[in-house]
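> Return atomic coordinates for the entry below.
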Amino acid sequence: MELVDLHGIVEGSGEELVLLHPIGLDNSFWGPMPAILAHSHRVLRLDLRGFGSSPLGPRAASIEAYAADVHRAIRRHGFARPAVLGLSFGGMVAQTLALDHPDSVSRLILCGCPGGIPEQARDALRERGLAAERDGMESIVPLTIERWFTPGFVGNPVVERVRARLRGNSVRAWSEGWQAISGFDALARLGAINVPTLVVAGEHDAATSPAASAALAAAIPGARVATLPGAPHMMQLESSGLFTETVGDFLAGRPLGVG
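Residues are numbered from 1 along each chain as shown. As a prediction, this is how the structure comes out:
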């Protein structure tokens, strides 16, 4: 397995927390949460391979390779056994990290992600990458924004930042990421996860249904589910206040304000 050195930014001090972003974004798309949590945590925001300032590998990689990259970055930054939060693709990488490198994870926060991709959906997900190969990154922006945000939020300046980030991505990184996602299937293995886990779902998530989030939580012993009212797939941006509060409550061991 050929790994890459991931770019990361470390802030704060205290308990360790690693953040893994959705496909097509980078470590800067977490809203105010990193700065808030850095008051009580040492936060490592990573760019997954091919995104932000992290290089691509020599060839297309499995999701296990994305997770192994993260494992190496955790060690390189001197983290011991952090809590790991992943959203969408980042959540799939986080699940794989917890299964393949259990010594690297103390707690899991899995947001807007399923435990596996059904066979019948795999071709459609690969097509999201192939569409960019055929027609360029601009061609995938409108439908991606539609899946990620609610109609009332698309005029927000943060969404224009997302559009610009998507347009600026490497077609290869985008397509290889969707190829990895299309083959993701951890559900049968998730019973082996034995760390405290929170599954965060968005009430209006058009990319990962509440049912998929519920199935993910049911597969992990003791996992809890928090459904954020009104939140879309990019809950960390559109519902940043409630998202940050929910994550902070879980990390601090406080009762969750949503269920």
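
> how deep is residue 168 tucked in, by neighbour count?
Residues within reach of residue 168, counting by other C-beta atoms under 10 Å, total 10. Glycine gets a C-beta too; all of them are placed from N, C-alpha and C.

> Once you drop chain neighbours, what's closest to it?
Once flanking residues are discounted, residue 168 sits nearest to residue 137: 7.5 Å by C-beta to C-beta, 6 or more residues apart in numbering.

> and what of residue 172?
With sequence-adjacent residues excluded and distances taken as C-beta to C-beta, 6+ apart, residue 172 is closest to residue 56, at 6.3 Å.

> and if you look at residue 103?
residue 81 (6.5 Å).

> Now do the same contact list for the one you found.
Residue 81 makes contact with 16, 103, 104, 105, 106, according to C-beta atoms under 8 Å, 6 or more residues apart in numbering.

> List just the nearest of the residues you listed to residue 204.
residue 105 (28.9 Å; C-beta to C-beta).

> how close does the residue nearest to that closest one when sequence neighbours are not counted get to residue 223?
Excluding the flanking residues, the one nearest residue 105 by C-beta to C-beta, 6+ apart is residue 98, at 4.5 Å. Noted for residue 98: a distance of 11 Å to residue 223, by C-beta to C-beta, to the nearest Å.

> picking up where we left off before, please produce TSV containing the contacts of residue 81, extended by pLDDT.
Below are the contacts of residue 81 laid out as TSV (pLDDT from 0 to 100):
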residue	pLDDT
16	98
103	94
104	95
105	98
106	98
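
> Pick out the most distant pair among the residues you listed.
16 and 103 (13.1 Å).

> about what we covered before: the residue nearest to residue 103: what secondary structure?
coil (DSSP: H, G, I helix; E, B strand; the rest coil).

> If I look at it, what pLDDT would I see?
Residue 81 is assigned 97 on the pLDDT scale.

> for residue 215, what are its contacts?
Counted by C-beta under 8 Å, 6+ apart, residue 215 has contacts 114, 115, 187.

> now residue 92
Counted by C-beta under 8 Å, 6+ apart, residue 92 has contacts 63, 86, 113, 114, 181, 184, 186.

> send the alpha carbons of the helix or strand encompassing it over as PDB?
Residue 92 is part of helix 89-100 when elements are defined by DSSP states H and E. In PDB, the C-alpha atoms belonging to helix 89-100 read as follows (Å, rounded to 0.1, in the frame of the first residue of the first chain):
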ATOM      1  CA  PHE A  89     -16.300  10.600   3.000                       C
ATOM      2  CA  GLY A  90     -14.300  11.600   6.100                       C
ATOM      3  CA  GLY A  91     -16.700   9.500   8.100                       C
ATOM      4  CA  MET A  92     -16.100   6.500   6.000                       C
ATOM      5  CA  VAL A  93     -12.400   6.900   6.300                       C
ATOM      6  CA  ALA A  94     -12.900   7.300  10.100                       C
ATOM      7  CA  GLN A  95     -14.800   4.000  10.300                       C
ATOM      8  CA  THR A  96     -12.000   2.200   8.300                       C
ATOM      9  CA  LEU A  97      -9.400   3.800  10.500                       C
ATOM     10  CA  ALA A  98     -11.100   2.500  13.700                       C
ATOM     11  CA  LEU A  99     -11.300  -1.000  12.200                       C
ATOM     12  CA  ASP A 100      -7.800  -1.200  10.700                       C
END
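
> Walking through the stretch 1-150 of the chain, point out its strands one by one.
8-11, 15-20, 41-46, 83-87, 107-111 (DSSP state E, counting those that start in this stretch).

> Compare the ones you listed and give me the one nearest residue 234.
strand 83-87 (8.0 Å).

> for the closest one, packing partners?
With contacts taken as 3 or more C-beta pairs under 8 Å, 6 or more residues apart in numbering; DSSP states H and E, strand 83-87 sits against strand 15-20, helix 89-100, strand 107-111.

> Pull out the buried positions in that strand.
Judged by neighbour count using 16 or more other C-beta atoms under 10 Å, the buried positions of strand 83-87 are 83, 84, 85, 86, 87.

> quick one: the fourth one and residue 139, what's the gap?
Yep, that's residue 86 we're talking about. To residue 139, residue 86 is 27 Å away according to C-beta to C-beta.
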